[in-house]
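In: Provide a 3D model corresponding to the input given below.
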Amino acid sequence: MVLASLATAAPAQTPPAQAAPGVTRVDQKALDWGPCEDLRPLADEELECATLTVPMARTSGGGRVNGLNDTVRIALSRVPATGEARHTLLVNPGGPGSAGRAWASHTALRMPANLREVYDVVAFDPRGVGASTPAIACDPEYFTPVRPGTVPADATGEAVLRADAMDYAQACADNTGALLSHTRTEDTAHDMDAIRAALDLERFDYLGYSYGTYIGTVYSALYPDRVRALVLDSVVNPDNPWYESNLVQSRALDRAARNFFDWTARHDAAYGLGTTGEEVAAAYYALRSELGRAPIQDTVGPTELENAAIVVAYSGSAWPAVAEALSARITRGDDAPLLALHERFGDDADSDNGYGGYLAVQCTDTHWPRNWNTWRSDTRETHREAPFMAWNNTWYNAPCITWEADSGDWFQVGDGPGEHTPYDGDVLLVHATEDGATPVEGAFALRERLPRSSLVIEEGGITHGVALGGNTCVDEAVAAYLRDGRLPERAEGGGPDLTCQARPEPSPHTVREESGDGSEAATPARPGTAGQAVE
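Out: Take a look at the predicted model:
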């Protein structure tokens, strides 16, 4: 299938979107690009930064609300094309709550040379996070170890965890203020269109990973004439609001963990944790219980273990490091690798902005159950079937129960009453079958909603975020779409439209560093999508 509008060298001009009555459009002056003060190139790429001021509050049509003059400053980065720029690719790595500017470099360096030659790559920190201001701030002390275990032993333990969640929500309200009422996904979509206008583009290309796929779904529904190409990788299910999405995600995270346990068992000679996945899982859960009684150096308890180990559901390349850390502690009594794992992947005071940013989106994007009994009942049922992260995921999102900012209706794309008309252009969807953060069912659901989309499946893939990640079959499909407008031919029925075999699973003795360099879809925020995400 060829997308004619992508194959043309110069996109057709479309008239600027008109402001709704009673609103003022964003200032569309050119951006002032210059050296980045707080962001370094990853290699030899040229990297520049800018900021864009946009209204804090907008109408549903994207205009400034009359009488409200508060603004936010969106931090941007750009890696210019190595030749004459013909297109601009805007990138979002996921989240919510994940800073994105580093992804201009990550993406540009992953692109084949013939794309880098003609593409400017632009990334941004969404409102409230990273270098964008004002910043979301809640309570950095919340992350001080050792935190209470996530699986409550009794009513008292449960009450402590509920109180912690309530306190964190209140701290976000007290320390952030008005911005918390203006952080819905639609707000980010409107910011993206302001970026487009400031770049003086009629249309741009977009690459979104994880939660970034939902941003792309919303943006393309709001601004269908502004999209030239749309690549959505590791897809958020458009039909599952965040509460329901997290329940589904907890089961997917558990399936991904079982894949890791099975892999570790296949390499028992290296790790000595058991010859079956069940034995390795039992060793892991025994350690989690043990750390509840005796944390490591007042630093790693059961919650800290979970928040580091969750990376196995996002990145297969992290499996050797996690397995070695577990093995060192369980078989040799060596705590150093587990402490290092926590240092690398766990939470600390610097997590406050990202976690607060995550909640600011999730808690207002959709309505949440207000009755704790609903949460308790659903979590107990999920935990019985999927104990890896069920309670952890619940507490991660529990501040939404008492979140001060008002929530709104889920932005549902579809053709039903009250739904938003989905984008009707060509779209490339990409997903790995064993992705733990965004279950693969979401990709098939979005394919059904987007009638001109094509779905590329990485069969057996164990990493969250596939496009431009080294799978030749997938990367060639992405490059063909961006370069020539060619999509895999859409198959009859529910898809997929192209199946690529996954790359070989990791070896215990060749640990790749992808999962630790920030170059995979944001980790580990979970999408409520992302509840903790791997961006």
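In: okay, now the unreliable bits of the chain?
Out: Within the chain, the ranges that satisfy pLDDT under 70 run 1-29, 59-69, 509-535.
In: which residues in it form strands?
Out: 23-24, 48-55, 64-65, 71-79, 87-92, 119-125, 204-209, 227-233, 427-432, 453-459, 498-501, 525-526, 531-532 (DSSP state E).
In: partner residues bridging the residue nearest to residue 230 when sequence neighbours are not counted?
Out: Once flanking residues are discounted, residue 230 sits nearest to residue 427: 4.5 Å by CB to CB, 6 or more residues apart in numbering. C-beta: built from backbone N, CA, C; applies to glycine. On the basis of DSSP bridges, residue 427 is bridged to residue 453.
In: how about the helices in the stretch 301-450 of the chain?
Out: When assigned using DSSP state H, counting those that start in this stretch, the helices of the stretch 301-450 of the chain occupy the ranges 302-309, 319-332, 336-345, 352-365, 372-385, 390-397, 441-449.
In: residue 213: which of those is closest?
Out: Closest of the helices of the stretch 301-450 of the chain to residue 213 is helix 441-449, at 7.4 Å (criterion: CB to CB).
In: what is the closest one packed up against?
Out: Secondary-structure packing of helix 441-449 (3 or more CB pairs under 8 Å, 6 or more residues apart in numbering; DSSP states H and E): strand 427-432, strand 453-459.
In: swap in 10 Å and give it another go.
Out: With contacts taken as 3 or more CB pairs under 10 Å, 6 or more residues apart in numbering; DSSP states H and E, helix 441-449 sits against helix 211-222, strand 227-233, helix 242-266, strand 427-432, strand 453-459.
In: residue 38: neighbouring residues, count only.
Out: Using other CB atoms under 10 Å, residue 38 has 9 neighbouring residues.
In: contacting residues for it?
Out: For residue 38, the contacting residues are 49, 75, 101, 130-131, by CB atoms under 10 Å, 6 or more residues apart in numbering.
In: can you tell me which of those residues is closest to residue 242?
Out: The nearest one, if we look at these relative to residue 242 and count by CB to CB, is residue 130, at 21.5 Å.
In: for stretch 344-354, list every residue counted as buried.
Out: Within stretch 344-354, the residues scored as buried using 16 or more other CB atoms under 10 Å are 345-347, 351-354.
In: show me how far it is from its chain's centre.
Out: Distance of stretch 344-354 from its chain centroid, counting by CA atoms, centre = their mean, to the nearest Å, is 15 Å.
In: what does stretch 199-211 give?
Out: Put simply, stretch 199-211 sits 16 Å off its chain's centre (CA atoms, centre = their mean).
In: quick check: buried residues in that stretch?
Out: Buried residues in stretch 199-211, defined by neighbour count with 16+ other CB under 10 Å: 199, 201-211.
In: just stretch 132-144 next, same as before
Out: Neighbour-count burial for stretch 132-144, counted by 16+ other CB under 10 Å, picks out 132-140, 142-143.
In: what sits against residue 386?
Out: 247, 249-255, 257-258, 393.
In: identify the residues contacting the residue lying closest to it once chain neighbours are set aside.
Out: Closest residue in space to residue 386, ignoring its immediate chain neighbours: residue 254 at 3.4 Å, by CB to CB, 6+ apart. Contacts for residue 254 (CB under 10 Å, 6+ apart) come out as 281, 313, 382-383, 385-390, 436.
In: distance to residue 34 added to the contacts of residue 38, as JSON lines?
Out: Listed next are the contacts of residue 38 as JSON lines, based on distance: CB to CB, whole Å:
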{"residue": "49", "distance to residue 34": "7"}
{"residue": "75", "distance to residue 34": "13"}
{"residue": "101", "distance to residue 34": "14"}
{"residue": "130", "distance to residue 34": "18"}
{"residue": "131", "distance to residue 34": "14"}
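In: now the farthest one out in this structure, which residue is it?
Out: In the chain, the residue that sits farthest from the middle, by CA atoms, centre = their mean, is residue 332; the gap is 35.7 Å.
In: do I have it right that it meets residue 272?
Out: Yes - judged on CB atoms under 10 Å, residue 332 makes contact with residue 272 at a distance of 8.9 Å.
In: which one of the helices of the stretch 301-450 of the chain lies nearest to residue 88?
Out: Comparing the helices of the stretch 301-450 of the chain by CB to CB, helix 441-449 comes nearest, at 23.7 Å.
In: list the buried residues for the closest one?
Out: Buried residues in helix 441-449, counted by 16+ other CB under 10 Å: 442-449.
In: over to stretch 404-420?
Out: For stretch 404-420, burial by neighbour count (16+ other CB under 10 Å) applies to 404-405, 407, 410-413, 420.
In: now for the residues you listed: which two are most distant?
Out: Among the buried residues of stretch 404-420, 404 and 413 lie farthest apart (CB to CB), at 28.3 Å.
In: point out the most buried one among the helices of the stretch 301-450 of the chain.
Out: Highest mean neighbour count of those: helix 352-365, a mean of 27 (counted as mean count of other CB atoms under 10 Å).
In: pull the CA atoms of it into CSV?
Out: The C-alpha coordinates for helix 352-365 follow below in CSV (Å, rounded to 0.1, in the frame of the first residue of the first chain):
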residue,chain,number,x,y,z
ASP,A,352,9.2,13.2,42.1
ASN,A,353,8.8,15.3,38.9
GLY,A,354,8.2,12.3,36.7
TYR,A,355,5.8,10.5,39.1
GLY,A,356,3.9,13.7,39.8
GLY,A,357,3.8,14.3,36.0
TYR,A,358,2.5,10.8,35.5
LEU,A,359,-0.3,11.3,38.0
ALA,A,360,-1.2,14.8,36.7
VAL,A,361,-2.1,13.2,33.3
GLN,A,362,-3.6,9.9,34.5
CYS,A,363,-5.7,11.3,37.3
THR,A,364,-7.4,14.0,35.0
ASP,A,365,-7.6,12.1,31.7
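In: centroid-nearest residue for this structure?
Out: Nearest to the geometric centre of the chain sits residue 94, at 2.6 Å (CA atoms, centre = their mean).
In: so the residue nearest to residue 230 versus residue 205, what's the distance?
Out: Here the criterion is CB to CB, to the nearest Å. By it, residue 427 lies 11 Å from residue 205.
In: repeat that for residue 492.
Out: Relative to residue 205, residue 492 is positioned 28 Å away (CB to CB).
In: show me the contacts for residue 186.
Out: 58, 60, 62, 215, 218-219, 221-222, 364-365, 408, 411, 420.
In: I should have written residue 434 there, sorry.
Out: 252, 255-256, 258-259, 313, 316, 440, 458-464, 502.
In: got phi/psi on it?
Out: The phi/psi pair for residue 434 (degrees, to the nearest 10) reads phi -100, psi 20.
In: cool, thanks, talk later.
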